[in-house]
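Colleague: have a look at this prediction, sequence included:
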Amino acid sequence: MRVMDIGTIQKLRELDEGFYRDNAASFSHTRQHAWPGWDRVLAALPGNPETVLDMACGNARFKSFLDERVGDKSLCFYGIDSCPSLLPNDRQFEFQNLDIIGALLEGTLISSLEAPACDLTACFGFIHHVPTNELRLALLDALVEKTEPGGTLAISFWQFACDANMRERALSTTERGCADLGLTLDEGDFLLGWNDMPGVYRYCHSFNADELDAFIAHCGSCAQLADRFEADGKNGQMNGYLVFRKK
């Protein structure tokens with residue numbers, strides 16, 4: 001099996017960084033509402049969270065969701081992201097500007113995180129931007145590490161290629177994008193467009209059930225699976241979710 005080289009990983013990292021930097025306003029505009037899957041994540045918690053780490057928090061809509069559902073003003077929320085321009089101007093939480101994928105490549109993600117271990121660690125809508133299974137496993141390790149014993153870790157895995165129409169569009173855009181950018185991608189990897197803008201691409205991986213099985217096995221020694229389900233999108237299956245309880 002071909003292993004993606006470091007040069008390609010760096011190109012994909014730069015591609016996504018540029019995409020979010022240049023399209024922050026239009027992207028954030030489409031990400032204003034909570035995902036239905038978050039209610040089930042909240043239902044899996046043993047109680048209301050007191051400390052929350054949101055890895056790749058984007059425009060902090062998960063914080064808005066918790067404010068609405070939990071309404072606990074004493075909640076300590078820590079957001080991590082590399083695109084501060086996505087954040088609302090009136091944010092009221094701790095934020096760390098961090099190149100997450102860069103830290104993964106350097107092997108320094110855990111040591112770079114300023115937030116403490118939290119009783120809820122979340123990573124929604126991000127792991128599909130992490131190239132290679134090796135780096136994804138390293139991200140999972142960091143998420144587990146930053147979860148308190150007895151705390152909850154919740155991750156969403158975009159599985160857009162399971163939808164026939166989305167897969168067809170993604171294959172077409174990927175073929176065009178790889179030709180434009182001189183890239184060769186791994187199985188399950190795609191280049192997606194944005195608002196029909198020519199030459200605008202972002203790298204995304206579409207997950208399948210076997211990959212989620214492997215992630216569960218990888219985390220098994222230090223975290224117990226509390227829930228696994230599909231939610232979101234028009235078909236209610238656009239994201240696969242894994243919810244763990246830290247041992």
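Modeller: In hand now; what should we look at?
Colleague: report the next helix or strand after the helix or strand of the chain with the lowest mean pLDDT in sequence order.
Modeller: Ranked by mean pLDDT, DSSP states H and E, the weakest helix or strand in the chain is helix 24-29, scoring a mean of 68. Of the helices and strands lying after helix 24-29 in sequence (DSSP states H and E), the nearest is helix 37-43.
Colleague: partner strands of the helix or strand following that next one, parallel or antiparallel?
Modeller: Counting by DSSP H and E, the next helix or strand C-terminal to helix 37-43 is strand 51-55. Here strand 51-55 has these sheet partners by DSSP bridges: strand 76-81 (parallel), strand 118-123 (parallel).
Colleague: can you redo these as a markdown table with mean neighbour count?
Modeller: Glycine gets a C-beta too; all of them are placed from N, C-alpha and C. What follows is the strands paired with strand 51-55, written out as a markdown table (neighbours: other C-beta atoms under 10 Å):
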| stretch | mean neighbour count |
| --- | --- |
| strand 76-81 | 22 |
| strand 118-123 | 24 |
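Colleague: for those, give me a markdown table that also has distance to Asp16.
Modeller: Output for the strands paired with strand 51-55, formatted as a markdown table (distance: least, C-beta to C-beta, whole Å):
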| stretch | distance to Asp16 |
| --- | --- |
| strand 76-81 | 12 |
| strand 118-123 | 15 |
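Colleague: and Ser172, which of those strands is closest to it?
Modeller: Proximity to Ser172 (C-beta to C-beta) singles out strand 118-123 among these, at 28.9 Å.
Colleague: the residue lying closest to Ala138 once chain neighbours are set aside: neighbour count?
Modeller: Distance criterion C-beta to C-beta, 6 or more residues apart in numbering; nearest residue to Ala138, sequence neighbours excluded, is Leu104 at 5.2 Å. If you count neighbours by other C-beta atoms under 10 Å, Leu104 ends up with 25.
Colleague: where along the protein do the strands fall?
Modeller: 51-55, 76-81, 94-97, 118-123, 147-158, 189-192, 202-205, 223-231, 239-246 (DSSP state E).
Colleague: pLDDT below threshold where in the protein?
Modeller: 1-2, 24, 28-32 (pLDDT under 70).
Colleague: same list (the strands of the chain) but as CSV, adding distance to Asn23.
Modeller: CSV is the format used below for the strands of the chain (distance: least, C-beta to C-beta, whole Å):
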stretch, distance to Asn23
strand 51-55, 21
strand 76-81, 15
strand 94-97, 18
strand 118-123, 21
strand 147-158, 18
strand 189-192, 12
strand 202-205, 9
strand 223-231, 25
strand 239-246, 21
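Colleague: give me every residue that touches Val200.
Modeller: 19, 22-23, 193-194 (C-beta atoms under 8 Å, 6 or more residues apart in numbering).
Colleague: rerun that using 10 Å as the cut-off
Modeller: If a contact means C-beta atoms under 10 Å, 6 or more residues apart in numbering, then Val200 has 15, 18-19, 22-23, 173, 177, 191-194 as its contacts.
Colleague: now the terminal residues of stretch 92-100, how far apart.
Modeller: Its first and final residues considered, stretch 92-100 spans 22 Å by C-alpha to C-alpha, to the nearest Å.
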